[in-house]
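*Asks:* Any chance you could fold what I've pasted below:
(4 chains)
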Number of protein chains: 2
Amino acid sequence: MLKYQHIADALEKYIEEHELQQGDKLPVLQDLMNQFGVSKSTVTKALELLETKGVIFQVRGSGIFVRRHKRKGYISLLSTKGFKKILEDFQITSKVIELDIRKPTTEAALNLNVGLDEDVYYVKRIRYIHGQSLCLEESYFNKSVITYLNNEIINESIFHYITEGLGLNVGFTDMFLHVDKLTEEEADYLGLEKGDPKLYVESIFHLTNGQPFDFSKVTYNYVQSQFFVQAVL
Amino acid sequence: MLKYQHIADALEKYIEEHELQQGDKLPVLQDLMNQFGVSKSTVTKALELLETKGVIFQVRGSGIFVRRHKRKGYISLLSTKGFKKILEDFQITSKVIELDIRKPTTEAALNLNVGLDEDVYYVKRIRYIHGQSLCLEESYFNKSVITYLNNEIINESIFHYITEGLGLNVGFTDMFLHVDKLTEEEADYLGLEKGDPKLYVESIFHLTNGQPFDFSKVTYNYVQSQFFVQAVL
DNA sequence: CAGTGGTCTAGACCACCAA
DNA sequence: TGGTGGTCTAGACCACTGT
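*Replies:* Below is the predicted model of the structure:
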């Protein structure tokens, strides 16, 4: 375990367990250096991590403070975990509609950076949160990277399988969002009315080496779609 | 100018001007150290900044590569500039509907962390992009921080005034998003139909010292609402 | 002015990738 | 195996905050 990662985890856990609130002061740099027995740079790196993540903010000449918003039930769009939190912290179930190997659409081929004649896994499923429809998801997986998939894997967490089962390292994601009206087909799947609002998200997931492996098109039930983003300017 | 900031700017500019594409390789660390005459840590810090911002990705043992998505017309939800880009890169105009000093709603008081009897500036305006309605915006400004506002300021960039005119430093933002249906009033303002989709965003802006100064509720025209987010996992 | 965080250095050592 | 990025250190010096 990296030292700065350990320190960041420890601090975050401390904040959580002691239920510290927005503006509460954390120990000064020197104390953290002593407490963890590391250099200033290492503590600083841990704090930068937490700052980017939206857990703390630092004020020069003053101190290190807790940053915590008050709202419950919102899903973070980013912050290391990102959508993984949906999988873990909430009760999510899935219903697989389709799973097969096929040739990609031109759109999928473009986004996955593969040829039109190369094989991809195609997955279509509905996901439920607390028994309510959360989203309709269509995913294309680059078969030269994700070499095998089956129904059992898809019903669990695909990303857990990718990292643990296949030993791949997920690096970064590009997400494109817009708001639109549900088509009749989408409305049927989600149990809503045609013309109701939807949040539509296209995501391209890349390995740490930059290779795209997952192109997903997700239509969210607007009733369940509450997100938050914490930005540092 | 900070060295690492200068290096980051220079690299980003280089990528832009030479129209480098996703996956293109940048000079190795050692070369950047020599080229800018700085230590390894400083280059690393610049690169971390660009990585977080979604401009590059680094692969250990391999090199530094350009990260660039292909889609135009999407507005970044984050990345230093965030919504500022809307103000600068696109042609935005505003129509002010209301501007006055009043007592905050309980909701605004809570989010701005002020008492119910303290004054706030209230601003309601419609914003247009290329002549099309972009959003309906209601903002509450903590008057003890934003001591003065007038119509002229509001018609230009409020944030430019806050940073340049008042000399304040904007630190971070919490944003809460969800999708819903337009009310009749909102639809009128945006030139849409009641029941049409909307993207609704509540934002709380804080100074670098953690003090909240702006609570805004923004209803976006769904036709204009195309956003992207770049996450590093 | 004392205390606190921010920047930067020079260098050691480690982990990973590609040839 | 050589090259590349990642972690960590000890310490100098700077910039900001609050008293």
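*Asks:* isn't there a helix covering A:Leu192?
*Replies:* No: with DSSP: H, G, I helix; E, B strand; the rest coil as the criterion, A:Leu192 is assigned coil and is not in a helix.
*Asks:* which non-adjacent residue is nearest it?
*Replies:* Excluding its sequence neighbours, the residue lying closest to A:Leu192 (Cβ to Cβ, 6 or more residues apart in numbering or on different chains) is A:Leu182, at 5.9 Å. For every residue, glycine as well, the C-beta is placed using N, CA and C.
*Asks:* contacting residues for the one you found?
*Replies:* Contact partners of A:Leu182, counting by Cβ atoms under 8 Å, 6 or more residues apart in numbering or on different chains, are A:Leu190, A:Leu192, A:Glu193, A:Lys194, A:Gly195, A:Asp196, A:Pro197, A:Lys198, A:Thr219.
*Asks:* Please give the number of neighbouring residues around the closest residue to the third one other than its chain neighbours.
*Replies:* It refers to A:Glu193. Using Cβ to Cβ, 6+ apart and skipping residues adjacent in sequence, the residue nearest A:Glu193 is A:Ala187, 5.6 Å away. A count of nearby residues for A:Ala187, using other Cβ atoms under 10 Å in any protein chain shown, gives 18.
*Asks:* for A:Phe213, same thing?
*Replies:* 24.
*Asks:* and after the lowest-mean-pLDDT helix or strand in chain A, which helix or strand comes next?
*Replies:* Within chain A, no helix or strand scores below helix A:84-89, which has a mean of 51 by mean pLDDT, DSSP states H and E. Per DSSP states H and E, the first helix or strand lying C-terminal to helix A:84-89 is strand A:92-102.
*Asks:* Give me the contact list for that next one.
*Replies:* Outside strand A:92-102, the residues that touch it by Cβ under 8 Å, 6+ apart are A:86, A:119-129, A:131, A:134, A:143, A:149-151, A:154-155, A:189.
*Asks:* Can you flag which of those belong to strands?
*Replies:* Taking DSSP state E, the ones among those that sit in strands are A:Val120, A:Tyr121, A:Tyr122, A:Val123, A:Lys124, A:Arg125, A:Ile126, A:Arg127, A:Tyr128, A:Ile129, A:Leu134.
*Asks:* Give me the lowest-pLDDT entry from the residues you listed.
*Replies:* Least confident entry in these, by pLDDT: A:Ile129, with 82.
*Asks:* Would you agree it is in contact with A:Gln226?
*Replies:* No: assessed by Cβ atoms under 8 Å, A:Ile129 is found out of contact with A:Gln226, at 11.0 Å.
*Asks:* contacting residues for the residue of chain A found nearest DNA strand D?
*Replies:* With Cβ to the nearest atom of the strand, the shortest gap between chain A and DNA strand D falls at A:Gly61, namely 2.2 Å. Under the criterion of Cβ under 8 Å, 6+ apart, A:Gly61 has no contact partners.
*Asks:* mind checking how far the residue nearest to A:Glu193 is from DNA strand C?
*Replies:* Noted for A:Ala187: a distance of 44 Å to DNA strand C, by Cβ to the nearest atom of the strand, to the nearest Å.
*Asks:* Ok, A:Lys25 next?
*Replies:* Noted for A:Lys25: a distance of 8 Å to DNA strand C, by Cβ to the nearest atom of the strand.
*Asks:* go on, A:Gln21?
*Replies:* A:Gln21 is 18 Å from DNA strand C, where distance means Cβ to the nearest atom of the strand.
*Asks:* what's the answer for A:Asp31, then?
*Replies:* According to Cβ to the nearest atom of the strand, A:Asp31 stands 8 Å off from DNA strand C.
*Asks:* Show the buried residues in the contacts of strand A:92-102.
*Replies:* Buried members of those, counted by 16 or more other Cβ atoms under 10 Å in any protein chain shown: A:86, A:120-129, A:134, A:143, A:149, A:154, A:189.
*Asks:* Out of those, flag the one nearest to A:Gln5.
*Replies:* Nearest to A:Gln5 among these: A:Ile86, at 23.0 Å, using Cβ to Cβ.
*Asks:* Leaving out sequence neighbours, find the closest residue to the residue in chain A positioned nearest to chain B.
*Replies:* Using Cβ to the nearest Cβ, the closest approach of chain A to chain B is made by A:Pro197 at 3.3 Å. With Cβ to Cβ, 6+ apart as the criterion, A:Pro197 has its nearest non-adjacent residue at 3.3 Å, and that residue is B:Pro197.
*Asks:* Kind regards, and thank you for your time.
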